[in-house]
Structures are given as structure tokens and as C-alpha cells.
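Q: Predicted model, plus sequence, below.
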Amino acid sequence: MLRGAHAISLDSKGRLAIPTRFRDRFRDESEGLLVCTIDIFDPCLLLYPLNEWELIEKKLRALSSTQPQERRLQRVLLGHATECELDAQGRALVPSPLRQHAGLTKKIMLVGQLNRFEIWDESRWQQQISDDLQALPREDWELSERLRDFAL
């Protein structure tokens, strides 16, 4: 389970240090291999342990290459998907095109989302979370069957 928001810095080569508590898990379950791709909904990146990414690939493989919308999704997600290997210090290189796509600067946020991390530029993350917190109480929860009975 990947959870929590972690403020970290990209180094001068574009590497991010995975928080210590996740490193051993990634090495054990995915041989230290991660896959990074773009998020199609928000200006951030998605970082999956390889074993979780392989489940996404199975879903993408099941889509039709003759249906334009399904083909576009395959092209965008798979076309940007890049393997990132953890080095001995627990760092992973985020490729320059992906960093540019998400507008990443030195200060970033690594945000756990169950089976993956989102990688945000810190200032964009702060704005996004502010927007989300303002929108939640105003949204019509009755429109979503899954949220209708959600309680904390």
C-alpha cells in the first residue's frame, strides 16, 4: 500500500530519492524496477512498481487497437512509459521529457495512491490539494453510487 505525501527534491540529474520505507518493498517485489508515465487527467506523473505496472499493461493489451479512443489511450500511456531502476542509494531517474511534461522543478511531491505514486511539482500539488479540499464539500455525492455510502 503506497500512501502519504512526501516532499522531496530532484537532484541536478533529475533523480528522486524514494522514501526509505518503500525501497525494500520495491526491491523485493519488483527487483527495484519502476515504471513512470504521464497522467492523462492531471499535470503529474504516475510511478508504478513494475509488478503493478504489468497489471496495467494487461488492461491496455485488452483494449482494441482499432477503436480510436482506446488506441489513443494505449499510445499515450505506453508511449510515455519508461522503466526506472532504483540505484544503490534508492534513487530513480525521471526522464527529462516526463519532467518537462509535468512541469517538475527541484521541489516535488511524491504522493501515494494505493498501487502507485503520483509525482507533482510542489507548487502544483499545493494548488491541486487546495482546489480538491474546496470542491469536496460542494460536490453532489449522491451522483456516485460508490461514494453515496462512503464514511470515515
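A: Cool, got the structure. Numbering: from 1, shown residues only.
Q: distance between stretch 77-93 and the chain's centre?
A: With C-alpha atoms, centre = their mean, to the nearest Å as the basis, stretch 77-93 stands 12 Å off its chain's centre.
Q: show me where this protein has helices.
A: Remark: helices assigned in the chain by DSSP state H are 20-30, 50-62, 68-80, 96-102, 122-135, 145-148.
Q: what about the second one, average pLDDT?
A: For helix 50-62, the mean per-residue pLDDT is 96.
Q: now what about that helix, what contacts it?
A: The contact list for helix 50-62, computed with C-beta atoms under 8 Å, 6 or more residues apart in numbering, reads 29-31, 33-35, 48, 73-74, 77-78, 81, 83, 115-116. (Each C-beta comes from the backbone N, C-alpha and C, glycine too.)
Q: Select only the buried ones of these in ChimeraX?
A: Buried subset of the contacts of helix 50-62, written as a ChimeraX selection, criterion 16 or more other C-beta atoms under 10 Å:
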select :30,33,34,35,48,74,77,81,116
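Q: And Ala88, how close does it get to Ala17?
A: According to C-beta to C-beta, to the nearest Å, Ala88 stands 12 Å off from Ala17.
Q: give me the beta-bridge partners of the most centrally placed residue in the chain?
A: Nearest to the mean C-alpha position of the chain, by C-alpha atoms, centre = their mean, lies Leu46 at 2.0 Å. Beta-bridge pairing of Leu46 under DSSP bridges involves Thr37, Glu118.
Q: mind listing what it touches?
A: Contacts of Leu46 by C-beta under 8 Å, 6+ apart are Cys36, Thr37, Ile38, Asp39, Arg116, Phe117, Glu118, Ile119.
Q: what's the closest of these to Val94?
A: Cys36 (6.1 Å; C-beta to C-beta).
Q: how many neighbours does the closest one have?
A: Other residues near Cys36 number 25, with proximity taken as other C-beta atoms under 10 Å.
Q: Identify whichever of the helices of the chain lies nearest to His6.
A: Closest among the helices of the chain, using C-beta to C-beta: helix 20-30, at 9.2 Å.
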